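Student: what would the 3D arrangement of this be:
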Amino acid sequence: MNRAEGLVAYFGHNCNDAAVRRRAVACRRAGFQVLGFMHHRGPPGDVPFEMVNLGETADNAYRKRVQAIFEGARLACDHAEALHAADVILARNLDMLATAVRVKTQLGLSAPLVFECLDIHKQLTGGGWKAVVLEALEARLLKKTALVAVSSPRFESEHFRQRHPGRYRHVLIENRLIEGDAFGDRPTAPRPAVLGRLRIGWFGNLRCRRSLDLLKSVATAYPDQVEIVLRGYPALSEIPDLDGEIAPHPNITYYGRYRAPDDLESIYAGVDLIWAGDWYETGANSVWLLPNRIYEGGYFTTPALAPAGTETANWLDRHGAGLIIPDPVATELPKVVGALLEDPAPLLACQERLLALPRDTFVEPPELMHHVVDAARACQGS
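Tutor: A predicted model of the protein is given here:
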């Protein structure tokens, strides 16, 4: 295959989502053309690839998202010629996998289908009739899928291996930065710590109520020594009034959304630690996931904090890239913060270890997408 002429048809749930854009950019950096078939949440922004607009959807509006599968497939089928030219079909999330399978079946497409799984939705793990129905749907869709791309090894071991043994093949694609993006240069030396002062950042999708409460408790315990910096997108379903929540805490500041990768260097350089805990989907997805903030922070030599027992904590422990908070987290987190205020040496040691790690620990090389496409074609042919 001529890499410069390879075409990826990418079915994405939201063209405004940073993870969707990042994967499309990764495909382009690897030399593939990208044709997106995507919904949008809110007004569709400019995208760095050619796109067919499949219409607007909304967070947690599941009935409308089911309807969008059929409408999106109908709109995509109007582009049969382009889809027949695709070398691989990539689908992000279960609903987009359903859309892509419908399109593949209706048009008789020969390109292998890759299911990109960056989360295991709580509807699949919560039990009850909804989980049974969705698990059955997922099993049917996996039969049409050549390869499952997971962003964390625990998604494979804890979900797919348990629910669908022998029905899939998988590859690991972590939430790393993408080679060639303008995210800035990697630091060459640790940043000096200020004794008795600490800045903790919580960046990205601000969707975890317990995380906010924990950070508020730290801010209350150390009002003159600790600053909490929030950047990103608050989930209104979980935190409907972020400004009101942090108003009593002058040492907590929400600076709004940020642009990735453009703003990453400045926001990570502005804090000493990254909060990487999550209980949004407790006991399942929150335990299994590997958030992009550990790769972004690691690249800029900013260590992370994570609760023990999570895959995030396992990753930090393997790489020496952060600090693990033992249970009970609510009790132990203020102790860890207090110890760092008295002695920042563990932070400097983490920074040294981060500097010594290979670049591809944090940055995905273009060759990975070649491997994924080749693996998908091999799996379909076997």
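
Student: burial count for the closest residue in space to Ala321 that isn't next to it in sequence?
Tutor: Excluding the flanking residues, the one nearest Ala321 by C-beta to C-beta, 6 or more residues apart in numbering is Gly298, at 5.2 Å. Yep, even glycine has a C-beta here, placed from its N, CA and C like the rest. Residues near Gly298, counting by other C-beta atoms under 10 Å, number 29.

Student: show me what the strand or helix carrying Gly298 is packed against.
Tutor: Here Gly298 sits within helix 292-299, counting by DSSP states H and E. If you count contacts as 3 or more C-beta pairs under 8 Å, 6 or more residues apart in numbering; DSSP states H and E, helix 292-299 packs onto strand 177-178, strand 198-206, helix 264-269, strand 273-275, strand 304-307, helix 311-319.

Student: hmm, who's touching it?
Tutor: Helix 292-299 is contacted from outside by 18-19, 174-177, 183, 186, 203-204, 260, 264, 268, 274, 276, 303-304, 306, 312, 315-316, 319, 321-322, 354, 357, 361-363, using C-beta atoms under 8 Å, 6 or more residues apart in numbering.

Student: run through the bridge partners of Val229.
Tutor: Gly201, Thr253 (DSSP bridges).

Student: nope, Leu172 is what I was after
Tutor: Val150.

Student: what's the pLDDT at it?
Tutor: pLDDT for Leu172: 97.

Student: spit out the contact partners of it.
Tutor: Ala149, Val150, Ser151, Ser152, Pro153, Glu156.

Student: let's see if you can find the most crowded of these.
Tutor: Ser152 leads the contacts of Leu172 on contacts (other C-beta under 10 Å) with 27 neighbours.

Student: what sits against that residue?
Tutor: Counting by C-beta under 8 Å, 6+ apart, the residues that Ser152 touches are Leu172, Glu174, Trp288, Leu289, Leu290, Glu311.

Student: ok, and what's touching the helix or strand hosting Lys335?
Tutor: Element membership for Lys335, per DSSP H and E: helix 329-342. With contact meaning C-beta under 8 Å, 6+ apart, helix 329-342 is reached by 195-198, 200, 214, 217-218, 221-222, 225-226, 273, 277, 305, 307, 323, 325-326, 346-347.

Student: how is this structure partitioned into domains?
Tutor: 3-178+365-381, 198-361 (automatic domain parsing).
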